[in-house]
Structures are given as C-alpha cells and as structure tokens.
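Novice: sequence and computational prediction follow.
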Amino acid sequence: MIKLKSCAAHSQYRLAPALLGIMILSAAIPPARADDQSSPNLGLPVDCRLGVDCFVQQMPDVDPSDEALDPLCGNATYQGHDGWDIRIRTLKDIDRQTPVIATADGTVARVRDGIPDRIYDRAGDKDTAGKECGNGVLVGHSGGLASQYCHLKQGSIVVRPGAPVKKGDRLGSIGASGLAEFPHVHLSVRKDGRTLEPLTGRPLGIGREACGATGGSLFEPAVRDALSRSASAILLVGLSNAPPELPRLVREGEPAVPKASQPVIAWVWAINVDADSVFRMRIVDPDGKTLMHIETKPLERRKANYIAYAGGKPAQRAGEYRLQVDMVWGVKTISSVTRSILIRGEGEQ
C-alpha cells in the first residue's frame, strides 16, 4: 500500500522578469494628457472565470530588497518578478484558446508571434535570451500608460501594430511561449516607462509600505477585489494507479483513472499553499461507503506548487466513486473540490 505522501516540485517559479524583449522599449506610447487624472480602471487581461478555469499563480514583487513580497503582503511571488501571472492548468488546456484581452482602450504598439509553445526546461533550453516574453503584445494607453501581455499561444495573436483596441478586445490566447514553466499570461504595466504594480497603483519596488494598499488600484473595482483574494487554490484532483508527477501533469494533464483491479490513489494538485495548511481526502465507493479518509500533516513552509497523494488498495469493483478534497488552514476551508469518477472493470472501455 502506498502511504500518505506529498511532493512539492518547483517551490517557486523563479524565472527572470518577463520582457517582450528590447523591442518594446522604443515603442510609441500615447503621451499623457494634462486633463487625464482618473484611474484607468483596468480590466482582467483574460476572459475566464478566475478561480474556476484560470488562477493567479504569481504576483509582482514589491520589495526592492533580497526578500520577495507580493502586493497583498504575502509570498505569491519571487525576487524581481514584475507582473501578474494568470495561468490555466496544463499545456493541453492551451488548445481551448483562453482569450487574452486588452485591459483598457488603446493602440497596439508592438507584436511578436512565431515562438513555439513548450514548457521551459532550465537544463536544456538555451534559446530564450531576448525572447523571454515569448509571443507578446504591447498596448499603449492614454496618460502614458502601457500594458504588456506575454507567453501567448503561437499563432493566436489577432492584432497588428497601429491597430486601435477597446477594453475587452481579444489580443490572442494564453500559451506557454518564451520563458514559461506553465501556461499563462504575464501582465505588466508601465507609466512613462516606469513599471507599476497595478493592484496598488504604485511604482514597483516601493517596498512594504505599498503592500495591502489597494486604494489607488489601477484595476476596476471588481477586478481589484478579485485579485485581492488569496491565491491559494486547488487546481486538480483525481484518482490514478500511480503517484502523479508535477512536470507530467503540467505537460500532459491528469493521469488515467485506474481499473477496479488496480491500486487506487487519490491525489490533489494545489498552488500557493500556505504553511500549516492540511489536505483532507475522502473516497466514497458506489454504495456510499467511505473507502479512504485521510488528512495530511501540516506543511512546514509555503509551497507554490504542492501535490499530495494517498491510497494504494484496489477498488475491487467498478462503478462511480466520489472524491472529496479540502484544503484547510487553521479552522478555515480555503478550497474544496468534489468530483465523481467512474472506475471501470477490466475489459471495459
């Protein structure tokens, strides 16, 4: 029997700040107007349901020191990260063409396309220099503001330099081009060439005084409120006949469901899991009987990615099983997922 275990690969996605390359630095941005003092009310850069089919993986680092601090005074960032990373689950999911959209009215300043989608391999990839952003779009807005969208899907970009865009217009789709360890869009915002942290509206690197101060947010209120919530989330749960591995999950999606005669392992993949969090996993068989109910040990430290699994006994019979997984911190349930999974007998398709 496989006992309760967990793994935490890539405790932080520590990548260089994503840039659209040197080409953006000379891009023409509409100049500020003397009468333009209002908040730009930026929208979300993706057309998706945050926390359902897309998730905040990383936020900007607002601390100029060697410490990393996100704008909510947490650790959902890494040293020098300059934008918001909103992800989808796996590389297979990019075929769903999750729209990347303009956060505000503006004019397309620069575009790059043609870079393949694949998960960055630290050991093997040497060709990302100057192309860290991958396929990207730079949009200039009024007031000297510019928004940049990185890691778009190859061939998905539908705008060209000089084209006007309205807030919510499609620019392309989420991908994994450039220096990307997971499929996502990286949004960064600049004003007059200086990088801002859009949730607080303050210059990036201003320090701890900025964290939690969202009163001057550049985002519209609904987006500001959504991004101000915890980034802890369960991405996937499932049953398999072997423990899942994070790199394979990201590249290929969830493993196959076991047959009734095979070992049944319950697993959960979560992101931005705080220290002292626990996971509770329960499998209920077709008759309503609890097949397994287990709780993990509290995490010793925060994990950007975390996989826990338990089980190992065969199901013994085919049928529809129910898997419930709760992520709990203290007395609070942070995230809960219940899923029905059909386990087939040998020879059944």
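Specialist: Done, it's in. Since we're looking at a predicted model, the values are computed, not measured.

Novice: helix, strand, or coil at Thr103?
Specialist: Recorded secondary structure, Thr103: coil (DSSP: H, G, I helix; E, B strand; the rest coil).

Novice: ok, the closest residue to it other than its chain neighbours - how many residues close by?
Specialist: Residue nearest to Thr103 in three dimensions, not counting chain neighbours: Leu42, with 4.1 Å by C-beta to C-beta, 6 or more residues apart in numbering. Any C-beta I mention is one placed from the backbone N, CA and C, and that applies to glycine too. Number of residues near Leu42 (other C-beta atoms under 10 Å) recorded here: 24.

Novice: Thr200 now?
Specialist: 25.

Novice: can you tell me which residues contact it?
Specialist: Contact analysis of Thr200 by C-beta atoms under 8 Å, 6 or more residues apart in numbering lists Val62, Pro71, Ala210, Cys211, Ala213, Thr214, Gly216, Ser217.

Novice: give me the pLDDT value at it.
Specialist: On the pLDDT scale, Thr200 is placed at 94.

Novice: so what does it have for phi and psi?
Specialist: Thr200 adopts backbone torsions of phi -100, psi -20, taken as degrees, to the nearest 10.

Novice: quick one: it from Asp276, how far?
Specialist: According to C-beta to C-beta, to the nearest Å, Thr200 stands 27 Å off from Asp276.

Novice: and Pro203, by the same measure?
Specialist: 33 Å.

Novice: go on, Ile88?
Specialist: Ile88 is 28 Å from Asp276, by C-beta to C-beta.

Novice: which one's more surrounded, those two?
Specialist: The neighbour count for Ile88 versus Asp276, taken as other C-beta under 10 Å, is higher for Ile88 (25 against 13).

Novice: one step back: for PyMOL, what selects the buried ones among the contacts of Thr200?
Specialist: A single PyMOL command selects the buried members of the contacts of Thr200 (16 or more other C-beta atoms under 10 Å):
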select buried, resi 62+71+210+211+213+214+217
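
Novice: closest to Asp326 among the contacts of Thr200?
Specialist: Of all these, Asp326 sits closest to Pro71, with 27.5 Å by C-beta to C-beta.

Novice: next helix or strand past the worst-scoring helix or strand of the chain on mean pLDDT?
Specialist: Ranked by mean pLDDT, DSSP states H and E, the weakest helix or strand in the chain is strand 2-7, scoring a mean of 43. Counting by DSSP states H and E, the next helix or strand C-terminal to strand 2-7 is strand 55-58.

Novice: can you identify each of the strands in the stretch 51-200 of the chain by residue range?
Specialist: For the stretch 51-200 of the chain, applying DSSP state E, counting those that start in this stretch gives strands covering 55-58, 84-87, 99-101, 106-112, 135-140, 145-152, 164-165, 170-173, 184-191, 194-197.

Novice: out of the ones you listed, nearest to Arg322?
Specialist: From the strands of the stretch 51-200 of the chain, taking C-beta to C-beta, the stretch that ends up closest is strand 55-58, at 23.7 Å.

Novice: report all helices and strands that that closest one contacts.
Specialist: On a contact count with 3 or more C-beta pairs under 8 Å, 6 or more residues apart in numbering; DSSP states H and E, strand 55-58 meets strand 84-87, strand 263-273.

Novice: now distance to Leu196, mean pLDDT and mean neighbour count too, for the ones you listed, in JSON lines please.
Specialist: Shown next, in JSON lines, are the helices and strands packed on strand 55-58 (distance: least, C-beta to C-beta, whole Å; pLDDT from 0 to 100; neighbours: other C-beta atoms under 10 Å):
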{"stretch": "strand 84-87", "distance to Leu196": "11", "mean pLDDT": "98", "mean neighbour count": "26"}
{"stretch": "strand 263-273", "distance to Leu196": "23", "mean pLDDT": "97", "mean neighbour count": "25"}
